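> structure for this input, please:
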Amino acid sequence: MVRIRHINNSLIIELEGDYLTLSTTSYGGGLRLINTVVFTQVSKQFNEDPIDYSRNLLKRLSLPLTKTIVFLTATDIHSKYVVKVNRDVGITLVMTLGIDPLACVGGLTREVKSKVGDVCKHHGTINIFIAVNKPLNIRSLAELLMLTSAVKALALSDLCLMCNESRRAYSSAVDATAVASRAGRFIDTYVGPATPIGSAVSVLIYESIVELALKDLDENTKFKLLTGFSINEIKEFIYRIYEELLKTSNVSVSKVKRVINEVIDEELSDPNVWMLLASFKYPEILSSIGWIPRLSRVEYERDSVKIIADEVLGMSLSTYINGVKGLMSYYWLDRVKDKIDMIRGKAPFSDDLLTSFMGSIISKVLDRILREE
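You can find the predicted model right below:
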């Protein structure tokens, strides 16, 4: 149904004949007949007019100006793309994906992908092209566009991509989508979630987003999504807490930092620690929208005395990491948390996630330092 080729930083999809396409791309957006689709990689500092840039690109590639749509992305066009085909239903999906910057309800955006030195960079967009080998009409294409957006939002939510402590992302900030059907005698066909076409499209989109996103989500990014901080930031915070509140004599700075690095790296090699960290997030999301029976949003925001689940989770995490010592250290850090900028003012479950994790890590660090003395 399609022919795909690479030319430099462009991925070119040539369709077998004309397709009626409904798209949100800057170039070729709206409703038009096309026979070619281009995904092209631009620099992370891209600030040119996207229409002029795309038109000049198509001229260089000798592609038809009036029958081509162009997706722009800053993600790596050679490694962060996927092509999936369902031959039984006659569907082809092409997608490129980069998770930054994320977008959440209310205009919230967030960059979470950290590189060397924890410097966040715009990593791309989620660009999706879907071709159906049947002549659908405009209403059916609009239905596919709606379905694509819904499944994308679900996949990002399941991946725990978040803008803040309680708001999950539904897209990146600059996504584009195009849905297309073979030109012909167009038919008004229902293509909703329960239909063969809608069902197949939903599977292809969901699997593709998860597959590509997991390539992009290294441990540091996952940790930042759960805690709000990178691993290096947490290591530095723990060292500062040690220096300001726990410093023991005759222990060098280099030794303390070495032990902190070792302990955190060891704990984050345990999948159970990751699962316990993740267990704090869902209650926070549900509480923040008033979903929990007999707990209003106002009560949650005020950290009502009704809420003890955050402490139960904190006890579980700290005890798992270092037993009673970890638990006592969590209690201690929880009592002094208002003195710590990074914890002060955090939502109820987030502050217990941080105090239980850092407190139990501190207890292990002290154990190891004293044992080595």
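
> residues near Ile308, how many?
10 (other Cβ atoms under 10 Å). Any C-beta I mention is one placed from the backbone N, CA and C, and that applies to glycine too.

> pLDDT value on it, please?
The confidence metric pLDDT takes the value 95 at Ile308.

> what ranges does the stretch 101-250 of the chain have for its helices?
In the stretch 101-250 of the chain, the segments counted as helices under DSSP state H, counting those that start in this stretch are 138-158, 196-216, 219-227, 231-241.

> of all those, which one is nearest Val263?
The closest of the helices of the stretch 101-250 of the chain to Val263 is helix 231-241. By Cβ to Cβ, the value is 8.9 Å.

> residues of the very next helix or strand once past that closest one that come out buried?
Counting by DSSP states H and E, the next helix or strand C-terminal to helix 231-241 is helix 253-267. By neighbour count on 16 or more other Cβ atoms under 10 Å, the buried set for helix 253-267 is Val256, Lys257, Val259, Ile260, Asn261, Val263, Ile264, Glu267.

> now swap in stretch 131-150 and tell me
For stretch 131-150, a neighbour-count test (16+ other Cβ under 10 Å) marks 131-136, 140-141, 143-145, 147-149 as buried.

> got it, and stretch 214-226?
In stretch 214-226, counting by 16+ other Cβ under 10 Å, buried: Asp216, Leu217, Asn220, Thr221, Lys222, Phe223, Lys224, Leu225, Leu226.

> ok so, going back, among the buried residues of helix 253-267, which one lies nearest to Ser157?
Glu267 (26.7 Å).

> which ones are touching the closest one?
Neighbouring residues of Glu267 by Cβ atoms under 8 Å, 6 or more residues apart in numbering: Val273, Ile321, Ile361, Lys364.

> which of those residues fall in strands?
Among these, no member falls in strands (DSSP state E).

> now these in TSV, with distance to Arg110?
Shown next, in TSV, are those (distance: Cβ to Cβ, whole Å):
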residue	distance to Arg110
Val273	24
Ile321	28
Ile361	25
Lys364	31
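
> quick one on the thing from earlier: who wins for proximity to Val42 among the helices of the stretch 101-250 of the chain?
Per Cβ to Cβ, nearest to Val42 of the helices of the stretch 101-250 of the chain: helix 196-216, 17.8 Å.

> tell me the angle of that closest one relative to helix 138-158?
Interaxial angle, helix 196-216 versus helix 138-158 (axes from the mean of the first three to the mean of the last three Cα atoms, to 10 degrees): 30 degrees.

> I'd guessed Phe223 sits against Ser230; true?
Yes - using Cβ atoms under 8 Å, Phe223 is in contact with Ser230, at 6.8 Å.

> picking that back up, out of the buried residues of stretch 131-150, who's nearest Val210?
For the buried residues of stretch 131-150, the nearest to Val210 is Thr148 (14.9 Å; Cβ to Cβ).

> can you pull out the strands in the protein?
2-7, 10-23, 30-41, 68-73, 81-86, 91-97, 102-104, 108-110, 126-132, 171-172, 176-182.

> pLDDT-wise, which helix or strand of the chain ranks last?
Using mean pLDDT, DSSP states H and E, strand 108-110 stands out as the lowest-scoring helix or strand of the chain, at a mean of 86.

> which helices and strands sit right next to that strand?
Other helices and strands packing on strand 108-110, by 3 or more Cβ pairs under 8 Å, 6 or more residues apart in numbering; DSSP states H and E, are strand 102-104.

> identify the residues contacting the strand it packs on?
109-112, 156, 161-164, 167-173.

> sheet partners, orientation included, of it?
Sheet pairing here is set by DSSP bridges, and for strand 102-104 it gives strand 108-110 (antiparallel), strand 171-172 (antiparallel).

> can you list these in CSV and add distance to Arg335?
CSV is the format used below for these (distance: least, Cβ to Cβ, whole Å):
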stretch, distance to Arg335
strand 108-110, 30
strand 171-172, 40
